[in-house]
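**Student:** let's see this in three dimensions:
(one chain, ligands or ions: 1)
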Amino acid sequence: MSTILVLAVLSAGEVDTPTLELLTLARDLGEPVALVVGDVPAVAAATLGSYGATAVHAVDCPQLTGSLVTARAALVTEVATATGADVVLVAAGTENAEVAALVAAGRGAALVTDAVAAAEVDGSLHVTKVVWAGQHTVEAVVQTPRAVLTVKPNAVAPSPDPAGGRVPAVETRVFVHEAAREAVVTALVPSAATGGPKLTEASVVVAGGRGTGGDFSAVTELAELLGGAVGASRAAVDEGWVSSGHQVGQTGRTVSPDLYVALGISGAIQHVAGMRTARRIVAINSDPDAPIHRIADLAVVGDLAVVVPAAVERLRAR
Ligand SMILES: Cc1cc2nc3c(=O)[nH]c(=O)nc-3n(C[C@H](O)[C@H](O)[C@H](O)COP(=O)(O)OP(=O)(O)OC[C@H]3O[C@@H](n4cnc5c(N)ncnc54)[C@H](O)[C@@H]3O)c2cc1C
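**Tutor:** Numbers count the residues shown, from 1 in each chain. Coordinates of the predicted model:
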């Protein structure tokens, strides 16, 4: 059976959702093995096991803190080689795309970024990805014995291993690599916390555009009510109404939530590129010809100032 190495991430000692999604996918491809940078508390090891990880490699590498991607890539390469991994899975993201590319180059492996599905068919790895502003779906067949995939958050529904419950062995490694000294990060400034879920991981995103006229209070209120994250069009970001971390689209974040609510967003192709794969799209826009209505599952033609407060009232009454 193929060994599938999953780059796992713990947040405040708990396994994050994208990792659970990767493990769920990994189970379909072979035997999942998790790689974690740092300590793995017993409860996190149990979670990794319940999602199918048969072994956990906990790597102690102080050099990784404050270093750029080369050291991380060298670490993943080393563990992939040590475990004989056929496939390496990492969550899609800017930094991980670099890590994945370096690992693939180092191992002579195929690289497929932004995958939304993968399966073994007749002994070959078939990978699905969405390209060109979400207008095309690509089916790729890996031609090499090894592969590295970056997988979009929310593309796979995380589910515990039905045969799970095993507690995987945790192997601790120490990793030292010269690459960690090549470039060091001198400052890391977190953006202001919103209190809600991370935009790229949220199952609900409520996004505002130029149609909000700069008042994001309704966007924020609806997002809070639905337990979602706040997104924005580039127009709203360029106007300075919200910070760039909220931008969804070609030059912003890519999101695939269960529900995407677009408020006063026209649906330009560059915006749609970042949210087209949402499972359900609700658009509220006063222009009946706005392109966003064409991709919406529920298209509400109306003024935000009227529709959103009414929706909020109904939600609060529940
Ligand atoms: C290279 C490049 C990269 C880009 N990358 C991105 C990107 O990553 N993300 C992105 O979003 N854009 C991106 N853009 C910009 C993109 O082309 C659009 O200009 C932008 O998405 C428009 O934002 P918007 O929909 O908020 O504004 P508009 O297009 O101005 O639309 C505003 C909408 O609000 C509606 N509206 C107005 N008032 C109300 C009201 N009271 N109630 C309800 N509806 C109302 C209007 O009918 C209209 O449809 C990029 C452009 C380029 C060239």
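
**Student:** what about this structure, any weak spots by pLDDT?
**Tutor:** For the chain, residues meeting the criterion pLDDT under 70 lie at 63, 65-67, 132-135, 165, 177-183, 188, 190-195.

**Student:** how's it carved up into domains?
**Tutor:** Using automatic domain parsing, the domain parsing of the chain gives 3-181, 204-317.

**Student:** nearest to the ligand, of these?
**Tutor:** Set against the ligand and scored by CB to the nearest ligand atom, the domains of the chain come closest in domain 204-317, at 2.3 Å. Any C-beta I mention is one placed from the backbone N, CA and C, and that applies to glycine too.

**Student:** quickly check: the closest one near the ligand or not.
**Tutor:** Yes - judged by CB under 6 Å from any ligand atom, domain 204-317 and the ligand are in contact via 209-211, 233-236, 247-252, 264-266, 268, 270-271, 274, 284-287, 290, 303-305.

**Student:** give me the subset of the residues you listed lying in strands.
**Tutor:** I284, N285 (DSSP state E).

**Student:** are any of the residues of domain 204-317 next to the ligand buried, and which?
**Tutor:** Taking 16 or more other CB atoms under 10 Å as the criterion, what is buried in the residues of domain 204-317 next to the ligand is 209-211, 233-236, 247-250, 252, 264-266, 268, 271, 274, 284-285, 290, 304.

**Student:** out of these, which are inside helices?
**Tutor:** Applying DSSP state H to these, the entries found in helices are R234, A235, A236, H271, L304.

**Student:** surely the fourth one and T254 touch.
**Tutor:** No - here H271 lies out of contact with T254, judged by CB atoms under 8 Å, at a distance of 11.2 Å.

**Student:** please, where are all the strands along the stretch 101-250 of the chain?
**Tutor:** Taking DSSP state E, counting those that start in this stretch, the strands of the stretch 101-250 of the chain run over residues 110-121, 124-131, 136-141, 147-151, 169-174, 204-208, 229-232.

**Student:** could those be laid out in JSON lines, adding distance to R72?
**Tutor:** Listed next are the strands of the stretch 101-250 of the chain as JSON lines, based on distance: least, CB to CB, whole Å:
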{"stretch": "strand 110-121", "distance to R72": "16"}
{"stretch": "strand 124-131", "distance to R72": "22"}
{"stretch": "strand 136-141", "distance to R72": "25"}
{"stretch": "strand 147-151", "distance to R72": "13"}
{"stretch": "strand 169-174", "distance to R72": "14"}
{"stretch": "strand 204-208", "distance to R72": "28"}
{"stretch": "strand 229-232", "distance to R72": "26"}
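
**Student:** quick one: closest of those strands to G49.
**Tutor:** Among the strands of the stretch 101-250 of the chain, the nearest to G49 by CB to CB is strand 169-174 (9.4 Å).

**Student:** quick one: strands adjacent to the closest one?
**Tutor:** When pairing is defined by DSSP bridges, strand 169-174 lines up against strand 55-60 (parallel).
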